[in-house]
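Novice: the following comprises the amino acid sequence and a computationally predicted model.
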Amino acid sequence: IRDRYQRRVHGGRAASHTYEGHGGLSAGASSRLLWDYSPEIASDILDYLFKPGFGANLHHLKVEIGGDGQSTDGTEPSHMHSRDDLSCNRGYEFWLLREAKARNPDIKTYALSWAVPEWVGNGSYFSPDNWAYQTQFLRCVRQRLGFNVDFIGIWNERAWGGPDYVVGLRRFLDDAGFASTKIILPDGWFSPALLTNDSLYLASFHAIGLHYPCRDPHPEVFEAGKLLWVSEDWWMNPDWPGGMCWAHLLNRNFIWLNATATIAWSAIWSVYHPGLPYQESGLMRAREPWSGHYDASPPIAASAQWMQHTKPGWKFLSVEGGGSGFLPGNGTYVTLVPGDNSRDFTMILEAASGPCRCVSPIVPQPQVLSFRTAGGLAGEGSILHVWKTNSTVSHIQLADILLQASGAFEILLEPGSMITVTTVPGGGFGTPSHAIPPSAPFPMPYAESFDDYPDDAMARYFADEYGSFAVRNGTLVQVSPAAPRRNAWVANLSPLTLIGDDSWQNYSVAARAWFPPIPGAFVQLCGRLYDLDVFRPYVSSPPALCLSVGSDGGWNLTDGSTSPLAAGTLPGFAPEQPHLLRLLMLGDAATPSVDGRPLAVASSAARPIGRAAVGSGYHLAFFDDFRVDPAP
């Protein structure tokens, strides 16, 4: 049942591409709820992601440059809602960058836009306005956090602007003092147009960053003198199959593609569950800030096998030289060295046994693998430290191996496991400073007065799906003046921010709301919101029971279908005055009211369960005294 495999591993001249760091991506609002954890529990979670020798030890953190536009599971706030607006304190990406750097000063950082506000270029993404807008984000990081972002992209999975735009961005960055910030493009799919004979253009960017490239090598990238990254990959659940797939991709992206960096979407899944797209796509899970519960998931241990025992700047040993490659009984191994003349090395072996992107699920056999060091690598008398991860153990240290005169050593690689062999001591799998609290549902009843927040803060547990909401002067305010439209990543509907539990059924939701008396302006209060998928945008109203009131006093109650359940007009309505909106849902009956006056009793079986939400048009809209209570 065991295959014997012998391979000589050469150092020195067999070193090939420079490793530039694997890591994780915070984007698409994937980290939203992490911000709301208590500082003590959040610190433990962040240790598992970034602290050297503790957990994943991520070498790269890529973040979204918030643009007030939907980017998968929500919107992230812009640092510039309008041309004359600027705040370097919005959202959670600045905070996440700071916390990552505090734990690992050597971590590489990377910023990329999904959308930019419509004022940028007056709706023209590829404009000098956007050079200035994205550079201002970099300036915010430098001024607030004290370091420069290492890499910047163009536009996630959309057009990349062409050579003239990229050269212009490079010049703008250089002139603004960001010569050290390197450009990655296209952050999407390969096109021959990415590679030209224009030497000025080729010198303006660092690497070709592809998303989910599978087994599609592009030798023309290296022929043009550029590097290849997998700047987004993985996208699986934080369970053991997901962990093995991550291990598999980290190795095979180099073996197949000579890719020198791989970045997972996402670093952490901190999104309401379920009811939003691409659920659970994170290296670890932290989606209950109200309870404090989280999981240090198997992909964290898989990351530790790689990233605790290597560093950016190390070099891969080539497939041709025997330092990396495929194993006969399925699986792979990759070897890295600190430098061309180093005796030290780290070898990572994986035997994935489950489904994974672009790979048929093959169950490998147990393998006894024989290796022999050569070419200046560690030899007789050297100590090899051995680490293992599988479905039952997370990055545990096995017995050391003492190399004999021949430089030979053997490793048993079992199906569904990872083994790391390294001459470099250190590593582990940490224990958090605080016990992980048990899971618990979102509390009911729940009330939020929006008092005691710093200005422009996010409201606790509210997750923006469209538009941008912030606490200002003790109220929750929709602050985005316009949808991104031509600068968007996907279609953006009316501003909406949600909260609560997907299983809520019979309850009431209420809030005081007011807004400017301008034509077309409105506010909205919703319950039983469920299955909000930005890639299947709703046509007329959210997939929820929603009470909407316009500036002219016109109101309606909708359930996501094309016709309202009920409608009418409030006489003498003054939108600039606070009004108490309430929606009671009991069985199939929905009763909306304004200022204590019931407006109708409607019936709908289309929305049996779901969360609460408030919304508006793209204008200032104010909400206060929000509460959710069980139905009487």
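Specialist: Everything's here; your move.
Novice: where's the closest residue in space to Ala259 that isn't next to it in sequence, which helix or strand?
Specialist: Counting by CB to CB, 6 or more residues apart in numbering, Ala259 lies nearest to Asn253, which is 4.2 Å off, once chain neighbours are set aside. The C-beta positions use only the backbone N, C-alpha and C, and glycine is treated the same way. Asn253 belongs to helix 240-257 when elements are defined using DSSP states H and E.
Novice: relative to the whole chain's centre, how far out is that helix?
Specialist: 18 Å (CA atoms, centre = their mean, to the nearest Å).
Novice: repeat that for stretch 144-159.
Specialist: Its chain's average C-alpha position is 14 Å from that of stretch 144-159, according to CA atoms, centre = their mean.
Novice: so which residues make contact with the helix or strand just after the helix holding Asn253?
Specialist: Elements were assigned by DSSP H and E; along the chain past helix 240-257, the next helix or strand is strand 262-265. Contacts of strand 262-265 from elsewhere in the structure, counted by CB atoms under 8 Å, 6 or more residues apart in numbering, are 22-25, 27-28, 30, 60, 62, 110, 229-235, 246, 249-250, 253, 281, 283, 299.
Novice: which ones are touching the residue nearest to Ala259?
Specialist: The contact partners of Asn253, taken as CB under 8 Å, 6+ apart, are 213, 230, 233, 259, 262.
Novice: ok, these vs Gln505, which is closest?
Specialist: Distances from the contacts of Asn253 to Gln505 were compared by CB to CB; the smallest belongs to Asp233, at 38.6 Å.
Novice: quick one: Leu498 is in a helix?
Specialist: No: per DSSP: H, G, I helix; E, B strand; the rest coil, Leu498 lies outside any helix segment and is strand.
Novice: tell me, how many residues neighbour it?
Specialist: Using other CB atoms under 10 Å as the criterion, Leu498 is surrounded by 26 other residues.
Novice: cool, Ala207 as well?
Specialist: Neighbour tally, Ala207, other CB under 10 Å: 20.
Novice: just list whatever residues bridge to it.
Specialist: Listed by DSSP bridges, the beta-bridge partners for Ala207 are Ile184, Leu227.
Novice: contact partners for it?
Specialist: Contact analysis of Ala207 by CB under 8 Å, 6+ apart lists 20, 182, 184, 226-229, 260-261.
Novice: let's see that with 7 Å instead.
Specialist: The contact partners of Ala207, taken as CB atoms under 7 Å, 6 or more residues apart in numbering, are 184, 226-229.
Novice: against Ser324, how distant is it?
Specialist: Taking CB to CB, to the nearest Å as the measure, Ala207 and Ser324 are separated by 20 Å.
Novice: repeat for Asn237
Specialist: The gap separating Asn237 from Ser324 is 28 Å, by CB to CB.
Novice: more neighbours, these two?
Specialist: Using other CB under 10 Å, the more surrounded residue of Asn237 and Ser324 is Ser324, with 24 against 18.
Novice: run a quick neighbour tally on the nearest residue to the more buried one once chain neighbours are set aside.
Specialist: What sits nearest to Ser324 in space, not counting adjacent residues and going by CB to CB, 6+ apart, is Val334, at 4.4 Å. If you count neighbours by other CB under 10 Å, Val334 ends up with 24.
Novice: tell me which element Val334 falls in.
Specialist: If you go by DSSP H and E, Val334 is part of strand 332-337.
Novice: give me the residues contacting that strand.
Specialist: Contact with strand 332-337 is made by 9, 11, 15, 19, 251-252, 254-255, 310, 314-317, 323-327, 344-350, as judged by CB under 7 Å, 6+ apart.
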